[in-house]
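J.: Here's a sequence, model it:
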Amino acid sequence: MRPLRTIPPVTSLPQLDKRDWIAGLEKGLSVIEAFDDANPRLTSSQAGERCGMTRTATRRYLLTLAHLGYVATDGKLFWLTPRVLRLGRSYLESARLPRIVQPFLQRATAGIGETAYVSVLDGDEIVCIARNGPNRNMNTGYVLGARVQAQVTAAGMLMLALRDEAEAEEWLARQELKAYTSHTITRKESLREELARIRQRGWAISEQQLELNYRGIAVPLLDHHGDLVAALNVTMPMGQESTQDAAARVLPVLQDTARAMRNLI
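T.: Modelled structure (predicted):
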């Protein structure tokens, strides 16, 4: 399968002219992104270390964010407030793609009885922008906005594989492959071979890479120009169903759904 032209994410856009660059906005957003599941509460010093800024400068940004309602503090520690969710909600409510795909996800879910997702590639991670179906008891369950390392998901591996090979190789060269389960591919040569197989057949399947006993299947979601914009995928318990049977049951529905969406994107 020929490499597909991928709609570039924000991180790969051309360099911005210095006259148009607002450094304060960049730093304020980096302070927000310093908080995560491992660092839910931070001092200004700790946040500064994570952002590469001084404690004094970081504290000023944190106090400004607190004044705006995005951060709360007890005077020493800082933590994010639910107001931050407005940023993600603004994307989901304004972006065209999540709205377009939702009815098709409902159709796919009804056809296969599994949870269906649309995911996009953002840097080294995939981001779930639309979903439909039952909630699963996965430790890393995909909710809207969930971010997961690309190489441990079917959607992520598919979008990596369908890049230009040189671009995929450049991505692979800078990765440190982390093991999430005993089945996670951690050897770069093994991952390179898997990406080549996906590139050849045009769809991806991932088993127990992120969580034990779970499987993902993904197909490309193309726009009307034939450019890759996202991945349409399902994540499901493996149970007693073989890899071949799962693919035979799910893949045709995903492929038909992706084709039906193509002229609308």
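
J.: Now do the phi/psi pair for A260.
T.: phi -70, psi -30 (degrees, to the nearest 10).

J.: Contacts only, for the nearest residue to A34 once chain neighbours are set aside.
T.: Nearest non-adjacent residue to A34, counting by C-beta to C-beta, 6 or more residues apart in numbering: R50, 4.1 Å away. Using the backbone N, CA and C atoms, a C-beta is placed for each residue, glycine as well. Neighbouring residues of R50 by C-beta atoms under 8 Å, 6 or more residues apart in numbering: 34, 39, 42.

J.: Torsion angles phi and psi at the residue in the chain sticking out farthest from the centre?
T.: For the chain, the residue at maximal distance from the C-alpha centroid (C-alpha atoms, centre = their mean) is G75, at 34.2 Å. Main-chain dihedrals, G75, degrees, to the nearest 10: phi 100, psi -20.

J.: Which pLDDT does the model give T6?
T.: Turning to T6, the model gives it a pLDDT of 55.

J.: for Y142, that is, sorry about that
T.: The model's pLDDT for Y142 equals 68.

J.: still on that earlier bit, okay, the contacts of R50 in a markdown table with pLDDT, neighbour count and secondary structure next?
T.: Below are the contacts of R50 laid out as a markdown table (pLDDT from 0 to 100; neighbours: other C-beta atoms under 10 Å; DSSP: H, G, I helix; E, B strand; the rest coil):
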| residue | pLDDT | neighbour count | secondary structure |
| --- | --- | --- | --- |
| A34 | 93 | 22 | coil |
| N39 | 92 | 12 | strand |
| L42 | 96 | 23 | strand |
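
J.: Show me what V71 bridges to in the sheet.
T.: L80 (DSSP bridges).

J.: Let me see the contact set for it.
T.: V71 neighbours (C-beta under 8 Å, 6+ apart): 32, 62, 65, 78-81.

J.: if you set the cut-off to 6 Å instead, what comes out?
T.: Neighbour list for V71: 62, 65, 78 [criterion: C-beta atoms under 6 Å, 6 or more residues apart in numbering].

J.: For A230, state which of those residues is nearest.
T.: Of all the contacts of V71, A230 sits closest to L65, with 31.1 Å by C-beta to C-beta.

J.: so what's N263 up against?
T.: Each residue near N263 by C-beta under 6 Å, 6+ apart is listed here: H224.

J.: roughly how far apart are it and L162?
T.: Using C-beta to C-beta, to the nearest Å, N263 is found at 20 Å from L162.

J.: G48 is in contact with R55, correct?
T.: Yes. Between R55 and G48 there is a contact at 4.8 Å, judged by C-beta atoms under 6 Å.

J.: Would you mind naming the helix or strand containing the closest residue to R187 other than its chain neighbours?
T.: Closest residue to R187 apart from its sequence neighbours, by C-beta to C-beta, 6+ apart: L177 at 7.4 Å. Here L177 sits in a region with no helix or strand, counting by DSSP states H and E.

J.: what's the neighbour count on L177?
T.: Other residues lying near L177 total 15 when counted by other C-beta atoms under 10 Å.

J.: ok, which stretches of the chain are helices?
T.: Remark: helices assigned in the chain by DSSP state H are 23-33, 44-51, 55-68, 85-94, 96-112, 154-161, 165-173, 188-201, 243-262.

J.: Can you say which of these is packed in most?
T.: Comparing those by mean neighbour count (mean count of other C-beta atoms under 10 Å), helix 154-161 comes out on top with a mean of 28.

J.: Other residues contacting that one?
T.: Applying C-beta under 6 Å, 6+ apart, the contact partners of helix 154-161 are 119, 121, 126, 150, 168, 195, 198-199, 204-206, 216-218, 231, 233.

J.: For these, work out which two are farthest apart.
T.: Spanning the widest gap among these are A168 and I217, at 20.2 Å by C-beta to C-beta.

J.: Return, as residue ranges, the portions of the stretch 101-250 of the chain with sub-threshold pLDDT.
T.: Segments of the stretch 101-250 of the chain classed as low confidence (criterion: pLDDT under 70) are 135-142.
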